[in-house]
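J.: dropping the sequence and predicted coords here.
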Amino acid sequence: MSFLDFAHITKTYPGVKALSDVSFGVDKGAVHGLMGENGAGKSTLIKILSGDQHADEGEISIDGKVQAYASTRDAFDNGVIVIHQELQLVPELTVAENLSLGRFPANAGIIAARRMLDDVGAKLKSAGIDIDMRRKVKTLSIGERQMVEIAKAIMLDARVIALDEPTSSLSSRESEILFALIDRLRGEGKVIIYVSHRLDEVFRLCDSLTVLRDGKLAAHHASLKNVTRDQVVAEMVGREISDIWGFRSRKPGDVRLKVDNLSGPKLKTPASFEARAGEIVGFFGLIGAGRSELMRLVYGADPRSGGSITVDGKLVRATDPRGTIRAGIVLCSEDRKHDGIIQSRSVEENINISSRRHHTRFGVLNRASEIATAETFIKKLKVRTPSRKQDIINLSGGNQQKVILGRWLSEQGVRVLIVDEPTRGIDVGAKSEIYELLYQLAEDGMAIVVVSSELPEVMGICDRILVMCGGRVSAELTRDQFAERAILAAALPDQKTPDAIAS
Amino acid sequence: MTVQLKKILLGEQGLVVIFVVAFALVSALVPNFLTDRNMLGLLQSVVTVGIVACTMMFCLAARDFDLSVGSIVAFAGMVAVMASNYTGSILLGLLAAIACGAFVGFINGVVIAKFRINALITTLATMQIVRGFALIASDGRAVGINSPDFYQLALSKLLGIPTPVWVLAILFCIFGFVLNRTVFGKNTLAIGGNPEASRLAGVNVDRTRIWIFALQGVVCGIAGILLASRITSGQPNAAVGLELSVISACVLGGVSLAGGRATMSGVIVGVLIMGIAENAMNLLNIPAFYQYIVRGVILLLAVLLDNLRSSALGRR
């Protein structure tokens, strides 16, 4: 029996069997990868491990002892800590305060500040984490916050640390620091569960690997020595995917979108670019390079302070999303949860939200036509949902993304589709489906702008790449000029100060 | 609790089931409850709360709040009485009352949506301002109704059912339809669910919120007219604390204070549960002081139930 043991874990939600009879074990001092498509059951398994949810059947044991947690707090006390994608820190408190939260050293209720700083400082030092603990968490970069989360786990003497997609919003430099830290924890005999979509990272970091598919155990590798990447991908999707990009060349038509010297409060340097009908234009850059800011300006999500936008030669006067949608520009934003989905409403309502004016007469909705539209796009985009009435929050990330795409496709007359991080947090199978969809839309004459932090992705699917750095477009390459080194060089700031990358 | 029972109570229709059971129990246990006379009395007693709850539901569903409803009801009642006394035309009085209600609501909406002032603060302010106007207009005294026809609004009956109850029923139908079958209703729910995502999806968030508050004002105007007619005068101190009863009824009816979730059937049930509880306690001669406690307990229980239901559905 292993140190951490999952035995016959089964969990059913209304309408979905999230996990069925999943069993595997992880040894002490091992980093164990957990992979699988969205909806495969990784999150559910992690939730059960953290005490947030309860398994219908089966049990988890640590060091031979069966664990039964009533709450996440209970799991905490037993040394099981899960670090979620959304970090759980109090922004207004300092690093030291966050790390002492719930266990402030105090005399008669008054915090012993010196003792707190000493305690935290010692722990941070022994873990090799270099952060000014007097800084407020809100001033830290996402990478630094992640460090603080891990430091929290170390402070609590965690035996099992689960990391859910820890690098999804980190720069590659920040990721490196994280990996070093994970290596150190491994050396200390902790059990690390590493949930990720990124094969590179998993192969680099993990000692062993479990692959889930549709809530079942698809594969368990006690060692990754003789395992190939293709094999893991095949295990995840249940079929071989040879080329996930599946790029098809198209002949771009006339200029559809022309952005001229556009600037705004968050984008000081005016930016210009064009996208042609049937063309997929990629925007690559580090986090904070200004790509999302530029796209938000084009879409009218943020107010613009100068410059102009034309679609098919017609000037777009509107400065709010309502107007730009009517002008034919739509945006799928990078933060699905905050800017995309309406969590408490159904799949159907999330699809129809922006195109309702096409289904009404004097403000009264034609239900039949609304339902038909929703059903059409659920089918067309292969959205996996029990029904159109399901609350969107219960869908996996990939399926939520498809719903958002469905929202824009149900809008008639879209000419420019901007997708910011189209496949963030989305599994391989759904990725290919989304790429295929983008190709189809381009072939139908749409101009498509893809913003992505994943270099292979922009190189894989785009006809042309613009690189942004420090709020400016720093390079432009056509497909025959694509070269990893040239693109990366253009994306990196000249002075490689940490500030430039973090800001 | 058996699994079956749990399923029924925590399902989507749980509240309706509880309502039916409570109604049956009260009918069986409280003497004189299930009589025509008492039923009509009960319905008449919930008219004010019920009418205002229609639009409060929209307000809460959009993640907003309106504390000024009680004051608007009193003010609109005053305006209706004074304007009809002055002009000699009841119709003009009614129109003036509704217009005043709409105006206050519109101001609420503009301040909240355009100037981005917290709804709680804004309506707390207008609540006091409008109550002040009502007191000033009448110098703090009740104003009697001159024309007996005005009484008839509350006294008249159609098919044996008092007019105010008809008005309530019609408003329930109208707003149930508006919530589920119009762009306005769906947008309201979307805004409450996620305001930023709604804006980025092209919903006119500001305009929708202004409309919600303006409608709330109109509906308060109607409630104020019916109330004035029933108490045969314009009372500047009428409907004090109404906002809390209305919000209680909505929450009891499963409207989420976090926004994005509301049903008309739920609100109707919430209004009726409050009415039945009060009615039954009156019939049982429970002193008014104790009734406060019972009402508070019912509200707490309902919210706890709603909480259990959400977690049972795996929403959090």
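T.: Received, thanks. Numbers count the residues shown, from 1 in each chain, chains lettered A, B, ... in the order given.

J.: ok, and what's touching the helix or strand harbouring A:Lys268?
T.: Here A:Lys268, judged by DSSP states H and E, is contained in strand A:267-276. With contact meaning C-beta atoms under 8 Å, 6 or more residues apart in numbering or on different chains, strand A:267-276 is reached by A:252-263, A:281, A:290, A:293-294, A:297, A:306-307, A:416, A:447-449, A:466, A:468, A:471-473. Any C-beta I mention is one placed from the backbone N, CA and C, and that applies to glycine too.

J.: which among those residues end up buried?
T.: For those, a burial check counting by 16 or more other C-beta atoms under 10 Å in any protein chain shown picks out A:252, A:255-259, A:262-263, A:281, A:290, A:293-294, A:297, A:307, A:416, A:447-449, A:466, A:468, A:471-473.

J.: return the subset of these lying in strands.
T.: A:255-259, A:262-263, A:281, A:307, A:416, A:447-449, A:466, A:468, A:472-473 (DSSP state E).

J.: what about chain B: which of those residues touch it?
T.: Checking these against chain B by C-beta under 8 Å from any C-beta of the partner chain, not one of them is in range.

J.: ok, the one residue sitting closest to the centre of chain B - contacts?
T.: For chain B, the residue nearest the mean C-alpha position is B:Ala53 (2.1 Å; C-alpha atoms, centre = their mean). By C-beta under 8 Å, 6+ apart, B:Ala53 lies in contact with B:246, B:249-250, B:253, B:267, B:270-271.

J.: can you name the two of those that sit furthest apart?
T.: Spatial extent of the contacts of B:Ala53 (C-beta to C-beta) is set by the pair B:Val246 and B:Gly253 at 10.7 Å.

J.: of the two, who's got more company?
T.: B:Val246 (34 against 26; other C-beta atoms under 10 Å in any protein chain shown).

J.: got the residues of chain B near chain A?
T.: Contact residues, chain B versus chain A (C-beta under 8 Å from any C-beta): B:181-184, B:186-187, B:189-190, B:192-194, B:196-204, B:256, B:258-261, B:313-315.

J.: would you mind checking those for buried ones?
T.: Buried among the residues of chain B next to chain A (16+ other C-beta under 10 Å): B:181-184, B:186-187, B:189-190, B:192-194, B:197-204, B:256, B:259-261.

J.: so of these, which ones are in helices?
T.: B:181, B:183-184, B:186-187, B:189-190, B:192-193, B:197-200 (DSSP state H).

J.: write out the residues of chain A neighbouring chain B.
T.: A:13-14, A:299, A:301, A:320-322, A:325-326, A:331, A:333, A:338-345, A:349, A:352-354, A:356-357, A:360, A:363-365, A:367, A:391, A:393-394, A:407.

J.: which ChimeraX command selects the buried ones in the residues you listed?
T.: ChimeraX command restricting these to the buried ones, with burial defined by 16+ other C-beta under 10 Å:
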select /A:299,301,320,321,322,325,331,333,339,340,341,342,343,344,345,349,352,353,354,356,360,365,391,393,394,407
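
J.: go through the residues of chain A next to chain B and flag which are in helices.
T.: A:299, A:321-322, A:325-326, A:349, A:352, A:367, A:407.

J.: circling back: got the angle between the strand holding A:Lys268 and strand A:255-264?
T.: Here the directions of strand A:267-276 and strand A:255-264 differ by 180 degrees (axes from the mean of the first three to the mean of the last three C-alpha atoms, to 10 degrees).

J.: ok, and for strand A:267-276, which residues are buried?
T.: Buried residues in strand A:267-276, counting neighbours by 16+ other C-beta under 10 Å, are found at A:267, A:270-271, A:273-276.

J.: which single one of the residues you listed is nearest to B:Asn32?
T.: The nearest member of those to B:Asn32, counting by C-beta to C-beta, is A:Leu267 at 72.3 Å.

J.: for the stretch 101-250 of chain B, give me the ranges with low pLDDT.
T.: Low-confidence segments of the stretch 101-250 of chain B (pLDDT under 70): none present.

J.: quick one, helices of it?
T.: Applying DSSP state H, counting those that start in this stretch to the stretch 101-250 of chain B gives helices spanning B:119-138, B:148-155, B:163-181, B:183-193, B:195-200, B:205-230, B:242-252.

J.: so which of these comes closest to A:Asp132?
T.: Among the helices of the stretch 101-250 of chain B, the nearest to A:Asp132 by C-beta to C-beta is helix B:195-200 (31.9 Å).

J.: and the closest one, how far from the chain's centre?
T.: 27 Å (C-alpha atoms, centre = their mean, to the nearest Å).

J.: same deal with stretch A:70-78?
T.: 27 Å.

J.: mind checking what helix or strand follows the helix or strand where B:Leu5 lies in sequence?
T.: Assigning secondary structure by DSSP H and E places B:Leu5 in helix B:3-10. Moving toward the C-terminus from helix B:3-10, the next helix or strand (DSSP H and E) is helix B:14-29.

J.: relative to helix B:242-252, how tilted is that following helix?
T.: 110 degrees.

J.: where does pLDDT dip in the stretch 151-300 of chain A?
T.: A:239-243.

J.: quick check: A:Ser263 touching A:Ser308?
T.: No - between A:Ser263 and A:Ser308 there is no contact under C-beta atoms under 8 Å: 10.9 Å.

J.: overlap of the contact sets of those two?
T.: Common neighbours of A:Ser263 and A:Ser308 (C-beta under 8 Å, 6+ apart) do not exist.

J.: bridged to the closest residue to A:Arg256 other than its chain neighbours, which residues?
T.: Sequence neighbours aside, A:Ala447 is the residue nearest to A:Arg256 in space, at 3.7 Å (criterion: C-beta to C-beta, 6 or more residues apart in numbering or on different chains). Counting by DSSP bridges, A:Ala447 is bridged to A:Val416.

J.: kindly report the same for the one 5 residues further on.
T.: A:Ser452 has the following beta-bridge partners by DSSP bridges: A:Phe284.

J.: what about A:Ala318, which SS state?
T.: Secondary structure of A:Ala318, reduced to three states by DSSP: H, G, I helix; E, B strand; the rest coil: coil.

J.: who are the contact partners of the closest residue in space to it that isn't next to it in sequence?
T.: Once flanking residues are discounted, A:Ala318 sits nearest to A:Thr324: 5.2 Å by C-beta to C-beta, 6+ apart. The contact partners of A:Thr324, taken as C-beta under 8 Å, 6+ apart, are A:298-300, A:309, A:316, A:318, A:330.

J.: please indicate which of the residues you listed are buried?
T.: Buried members of those, scored by 16+ other C-beta under 10 Å, are A:298-300, A:309, A:316, A:330.

J.: and these, which two are furthest apart?
T.: A:Ile309 and A:Val330 (13.3 Å).

J.: buried ones in the helix or strand harbouring B:Leu308?
T.: Taking DSSP H and E as the criterion, B:Leu308 maps to helix B:288-312. Going by neighbour count (16+ other C-beta under 10 Å), the buried part of helix B:288-312 is B:295, B:298-299, B:302, B:305-306, B:309.

J.: can you list those residues in CSV and add distance to A:Ala96?
T.: Compiled in CSV, the buried residues of helix B:288-312 are given as follows (distance: C-beta to C-beta, whole Å):
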residue, distance to A:Ala96
B:Arg295, 47
B:Ile298, 46
B:Leu299, 42
B:Ala302, 43
B:Leu305, 42
B:Asp306, 39
B:Arg309, 40
